[in-house]
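*Asks:* Sharing a model that was predicted from the sequence below.
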Amino acid sequence: MPRGPEVADVGVAALAARGALADAGLTGGAVDGLVACGLPDAADLGDALGLELSWRTVETDRLGVLAAVSAAVAAVISGLATHVLCIEASDSPAPARTAAGRFPGRSSVSGWAQWHAPYGAGTELVTTALAARSYIEAFGLTRVELAQIALTAGRNGGRGIGLREYLDAPMLADPLCVHDRALPAGGATAVLISPGDMAEDLPGPAVTVEAVASARSASPLWEQRADLTGMAIHDAGERLWEGTELGPGDVDVALFEDEFSFLALMWLEALGFCAPGTAGAFVAGGQRISRAGALPLNPHGGQLGLGRSAALELVAEAVSQLRGESSAQLDGPPEVAVVGIGGATVAGCMLLVR
């Protein structure tokens, strides 16, 4: 469902942007495209970096940031832009604002919100919990299976929890407990999309975008989907493989949205790593998605392990893994990485190769 941008300081975003430009050996003058998410005013960022743009898009939904990056890839391929800077920023909410954001008080509502506001259900937490409960009823997912996402993230992020601690934790919205939701951390991440023929001129190793895909539901309400066992995640995941000869068996590492643990499960299923309805069995025991497993999931800890910052951090981590430069580097390094960011009504995914 729609959600407003989390307003972040332009200075923090500009710092991340300059880091991405330095990594590519470019200056702001070379950038002619911009994707901005979570910023109060994209024009302020452009002014701070001295950008002269021919193409720009602003994404107001943090779960839609990779869908916007997919549009940036299309802009570069079509020649609408040469170098597109993709920047996402997010502040760590103050406690008072966090509490108000879960159950916002309104004197009156209209439109789609009138169906949710009376029940305090106008949040992504409730939307995701409803989707998770629907999936449980349809396919029999257990809390022990769902727990494997949080347990793996905790181990990878250096703050491991046990299964009993997970099962005994307070509920936020059934079936999601406090360990199923990433704590806000704040920060900013920037990545640069450029034509492939410029790779030889880069100061460091380039990573190739093999394929991208995105999906947006026509309705802001997940419960209006014809098939409630699916999400925009499934729509985007199915489309990703149409643009490449690679398949799920070629992927060495997965970086998936895990602001809510259930979303990571849906990405595993949507991208074909397991059959529909079997995501719980796929992660059972946690070995398959561990750092040493067949498909390492968020080996650096992800948002559940490190805190929810800019979701584009997952793209940056995928690039670092493929380059062999990650602080949580897998053995290898991996050659193919897949990134999925999104939720019930908007999603995007990207296949990256070394």
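*Replies:* Received it, and whenever you're ready, just let me know what you need.

*Asks:* and the next element down the chain from the lowest-mean-pLDDT helix or strand in the chain?
*Replies:* One helix or strand of the chain scores below all others by mean pLDDT, DSSP states H and E: helix 95-102, with a mean of 44. Using DSSP states H and E, the helix or strand that follows helix 95-102 in sequence is helix 124-139.

*Asks:* Which of the residues in that next one are classified as buried?
*Replies:* 124-133, 135-136 (16 or more other CB atoms under 10 Å). To be clear about C-beta, it is placed using only N, CA and C from the backbone, and glycine gets the same treatment.

*Asks:* and if you look at stretch 26-33?
*Replies:* 26, 28, 30-33.

*Asks:* what residues does it touch?
*Replies:* 17, 21, 49-56, 72, 75-76, 80-85, 192-193 (CB atoms under 8 Å, 6 or more residues apart in numbering).

*Asks:* next one: stretch 147-155
*Replies:* Applying CB under 8 Å, 6+ apart, the contact partners of stretch 147-155 are 160-163, 166-167, 179-180, 258, 261-262, 264-265, 283-286, 289-290, 297-298, 301-305.

*Asks:* Swap in 7 Å and give it another go.
*Replies:* Contact with stretch 147-155 is made by 160-161, 163, 166-167, 179-180, 258, 261, 264-265, 283-284, 286, 289-290, 297-298, 301-302, 304-305, as judged by CB atoms under 7 Å, 6 or more residues apart in numbering.

*Asks:* Same question for stretch 51-61.
*Replies:* Contacts of stretch 51-61 (CB under 7 Å, 6+ apart): 2-5, 28, 31-37, 42, 46, 65, 68, 71, 75, 80-81, 84, 346.

*Asks:* Would you mind giving both backbone torsions of residue 253?
*Replies:* phi -150, psi 140 (degrees, to the nearest 10).

*Asks:* give me the number of residues near it?
*Replies:* Residue 253 sits with 25 neighbouring residues when counted by other CB atoms under 10 Å.

*Asks:* how far away is it from residue 291?
*Replies:* Distance, residue 253 to residue 291, using CB to CB, to the nearest Å: 9 Å.

*Asks:* Mind listing the shared neighbours of these two?
*Replies:* 299, 330.

*Asks:* what are the ranges of the helices in the stretch 151-300 of the chain?
*Replies:* 163-167, 232-240, 261-270, 279-283 (DSSP state H, counting those that start in this stretch).

*Asks:* how far does the second one sit from the chain's center?
*Replies:* Mean C-alpha position of helix 232-240 versus that of the full chain (CA atoms, centre = their mean, to the nearest Å) differs by 14 Å.
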